[in-house]
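Undergrad: coords please:
(2 chains)
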Amino acid sequence: MCGIVGLFLKDKKLEPQLGAMLSTMLGTMCERGPDSAGFAIYGDAHKGKTKITVQSATPSADFANLTSLIKSETGAAAEIAVKSTHAVLTVPSDKADAVCEAIRAKHPSIRIMGVGENIEIYKEVGYPTDVAKQFDLVHMTGSHAIGHTRMATESAVTTLGAHPFSTGPDQCLVHNGSLSNHNSVRRLLKRDGMTFETENDTEVAAAYLTWRMKQGLNLGDALNKSLDDLDGFFNFVVGTKNGFGVIRDPIACKPAVMAETDEYVAFGSEYRALVNLPGIDKARVWEPEPATVYFWER
Amino acid sequence: MRTIDLATTPLRALNEDLHRQKDGANEAKWEVLNPRGAHAVAAGVDAPISVDVKGSVGYYCAGMNKKAAITVHGSAGPGVAENMMSGKVVIKGDASQYAGATGRGGLLVIEGNASSRCGISMKGIDIIVKGNIGHMSAFMAQSGSLVVLGDAGDALGDSIYEAKLFVRGKVKSLGADCIEKEMRPEHHEALGKLLEQAGFTGVKSSEFKRYGSARKLYNFNIDNADAY
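TA: Down below sits the predicted model:
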């Protein structure tokens, strides 16, 4: 099953409430995905800085001296903000690749969830409202956010198997459905230098879009290409640094509802996810068409 | 009139209350407030009562309906009026996928658009959609009528049996074994009655084309053996 919620703000005045709004939306989709939950939130960028969201099963041991270890391993001055099992490292952008390499090489118990100027990613096994509380989603702010509640079908219930998946800077993807050709697409992408952390089908979809965007396509064109190359059932909701995209496969049996006002664009697996949004009674509410790309940029 | 507010009354209490109503029920008019996308609102009603749902609903609203007149003053999620037996269900907004699926009788009126698989496997229900319908509608439809005032999506009436399809607008494509058929006087008459029942005045039956089964898939054809 799985539940998806997404919110892309057009009106900056709502930005302080982004986390609270997404948290309420996520809470309505618990029944669709009680296994695990996650969300990506696009906050403020700081010039010349990159955020690396990391996760550990033993956060107090792993995060305690992480900044000084990074300093000695890479020379980068990092700041750390710990949130439960996750931490956001803020590092100079020109050192971000070196820091990621050092974490992968020297800190095997720390996993990188996402990297970018704006994106932060939090995901864990657990009931969605508990996961949202664990990371204090309600107090987060930003321009757009995507959340997911997972009922696992294609791979194990683990932190890394939860959504969103991030395979490129400031990119993330959540998925409702299952892909049938993910193994062959994964092999193709691996040959082209993409790396994978899991056996999960959704990670392949995320990496596929990253790969297409590396070829110079914008999000909309990359999503259009996915209709030719990915086989299976899917509703994808995708975030980039300044964009928000939605696509459904041509069969479109996974549910989707969207709403748009002058203040926001919102996505929900069901209308229940949208009912608490401000002005929903006056919003344009519609079911996205199959095999049709929807995307917004700011 | 009984008014039930789902902001304060659990959905199960509403449905249990509705299920207690029988023929000759003295509470003939019901109003449901704040459905807020809830699932299975007024599903399984079996009494000649009217239920007005003031807002949008989620999955399976008015499913299995018998005798009741249920109106949704908003949009409906997947499977509205699924397996309806009799009565009338009106959706003032849009309906999501498989509206009226497997319905055996009664009338389903959708005043907005219906999405994919509208009337899939319908078995006697009449469905009238004022707007457009999505792909794979009336798939394996057995009997009843599907009337569309707007356009139909891909693969209309795929593997259809004896249901009658009337479309006023464009049909993106017809499914396997579905063909356009002649509008004979009895079809004009039946369609006219359905439009009247739905309250769609000012629309003439002559504006519609009829589609139905070519009846080529009814029996196994030995010439197709290689295809299996």
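Undergrad: what helix or strand is A:I4 on?
TA: strand A:3-9 (DSSP states H and E).
Undergrad: in its sheet, what does that strand sit against?
TA: Using DSSP bridges, strand A:3-9 pairs in its sheet with strand A:144-150 (antiparallel), strand A:264-268 (antiparallel).
Undergrad: name the next helix or strand following the shortest one along the chain.
TA: Helices and strands here follow DSSP H and E; after strand A:264-268, the next one along the chain is strand A:284-286.
Undergrad: do the longest one as well
TA: For strand A:144-150, the succeeding helix or strand toward the C-terminus, using DSSP H and E, is strand A:172-179.
Undergrad: for the helix or strand that that next one is followed by, enumerate the helices and strands it packs against.
TA: As assigned by DSSP H and E, the chain's next helix or strand after strand A:172-179 is helix A:182-191. Packed against helix A:182-191 by the contact rule (3 or more CB pairs under 8 Å, 6 or more residues apart in numbering or on different chains; DSSP states H and E) you find helix A:201-214. In short, each C-beta sits where N, CA and C put it, glycine included.
Undergrad: contacts for the following helix or strand past the helix it packs on?
TA: Going down the chain from helix A:201-214, the next helix or strand is helix A:219-229, by DSSP H and E. Contacts with helix A:219-229, where a contact means CB atoms under 8 Å, 6 or more residues apart in numbering or on different chains, come from A:185, A:205, A:208-209, A:212-213, A:217, A:236, A:238, A:240, A:243, A:245, A:247, A:249-250, A:291, A:293, A:295, A:297.
Undergrad: of those residues, grab the buried ones for PyMOL.
TA: Of these, the buried ones go into a single PyMOL selection, burial set by 16 or more other CB atoms under 10 Å in any protein chain shown:
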select buried, chain A and resi 185+205+208+209+212+213+236+238+240+243+245+247+249+293+295
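Undergrad: chain center to stretch B:76-88: distance?
TA: Centroid separation between stretch B:76-88 and its chain, computed with CA atoms, centre = their mean, to the nearest Å, is 6 Å.
Undergrad: end-to-end on it?
TA: 15 Å (CA to CA, to the nearest Å).
Undergrad: avg pLDDT for that stretch?
TA: For stretch B:76-88, the mean per-residue pLDDT is 98.
Undergrad: mind checking if it is in reach of chain A?
TA: Yes. Using CB under 8 Å from any CB of the partner chain, stretch B:76-88 comes into contact with chain A via B:G77, B:P78.
Undergrad: list the beta-bridge partners for whatever residue of the stretch 51-200 of chain A ends up closest to chain B.
TA: The nearest approach of the stretch 51-200 of chain A to chain B comes at A:N176, 13.4 Å away (CB to the nearest CB). Going by DSSP bridges, A:N176 is paired in beta bridges with A:N235.
Undergrad: that one: how many residues sit nearby?
TA: 27 (other CB atoms under 10 Å in any protein chain shown).
Undergrad: that older thread, and for the helix or strand just after the strand holding A:I4, what's in contact with it?
TA: The helix or strand immediately downstream of strand A:3-9 is helix A:18-28, counting by DSSP H and E. Here helix A:18-28 makes contact (CB under 8 Å, 6+ apart) with A:3, A:5, A:7, A:9, A:14, A:37, A:39, A:41, A:128-129, A:132, A:136-145, A:147, A:149, A:266, A:268, A:270, A:272-277.
Undergrad: let's see that with 6 Å instead.
TA: A:5, A:7, A:128-129, A:132, A:137-142, A:145, A:147, A:272-273, A:276 (CB atoms under 6 Å, 6 or more residues apart in numbering or on different chains).
Undergrad: widest-spaced pair of those?
TA: Using CB to CB, these span at most 24.5 Å, a distance reached by A:T141 and A:R272.
Undergrad: compare the two (neighbour count), which wins?
TA: More crowded of A:T141 and A:R272, by other CB under 10 Å: A:R272, with 25 against 16.
Undergrad: next, the residue lying closest to the more buried one once chain neighbours are set aside: secondary structure please.
TA: Counting by CB to CB, 6 or more residues apart in numbering or on different chains, A:R272 lies nearest to B:G37, which is 3.6 Å off, once chain neighbours are set aside. Going by DSSP: H, G, I helix; E, B strand; the rest coil, the secondary structure assigned to B:G37 is coil.
Undergrad: how many residues are close by B:G37?
TA: B:G37 has 23 nearby residues by other CB under 10 Å.
Undergrad: equivalent analysis for B:R20, please.
TA: By other CB under 10 Å, the burial measure for B:R20, its neighbour count, is 10.
Undergrad: one more: B:A190?
TA: If we define neighbours as other CB under 10 Å, then B:A190 has 17 of them.
Undergrad: quick check: buried residues in the helix or strand harbouring it?
TA: Element membership of B:A190, judged by DSSP H and E, is helix B:185-198. Using 16+ other CB under 10 Å as the burial criterion, the residues of helix B:185-198 that qualify are B:H187, B:A190, B:L191, B:L194, B:L195, B:A198.
Undergrad: I'd like the average pLDDT over that helix.
TA: What helix B:185-198 shows for mean pLDDT is 98.
Undergrad: could you export it as CSV, CA atoms only?
TA: What follows is helix B:185-198, C-alpha atoms only, in CSV (Å, rounded to 0.1, in the frame of the first residue of the first chain):
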residue,chain,number,x,y,z
PRO,B,185,-35.3,3.9,-31.6
GLU,B,186,-35.2,1.8,-28.5
HIS,B,187,-31.8,3.1,-27.6
HIS,B,188,-32.9,6.7,-28.0
GLU,B,189,-35.8,6.0,-25.7
ALA,B,190,-33.8,4.3,-23.0
LEU,B,191,-31.0,6.9,-23.1
GLY,B,192,-33.6,9.7,-23.0
LYS,B,193,-35.1,8.1,-19.8
LEU,B,194,-31.7,7.8,-18.2
LEU,B,195,-30.8,11.5,-18.9
GLU,B,196,-34.2,12.5,-17.5
GLN,B,197,-33.7,10.4,-14.3
ALA,B,198,-30.2,12.0,-13.8
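Undergrad: following element in sequence after it, please.
TA: strand B:209-213.
Undergrad: which neighbours does that following strand have in its sheet, and in what orientation?
TA: Sheet pairing for strand B:209-213, using DSSP bridges, gives strand B:164-167 (antiparallel), strand B:178-181 (antiparallel).
Undergrad: any idea how far the last one is from the chain center?
TA: This points to strand B:178-181. 21 Å.
Undergrad: now do that strand: everything it contacts.
TA: With CB under 6 Å, 6+ apart, strand B:178-181 has contacts from B:G157, B:I160, B:K209, B:R210, B:Y211, B:G212, B:A214.
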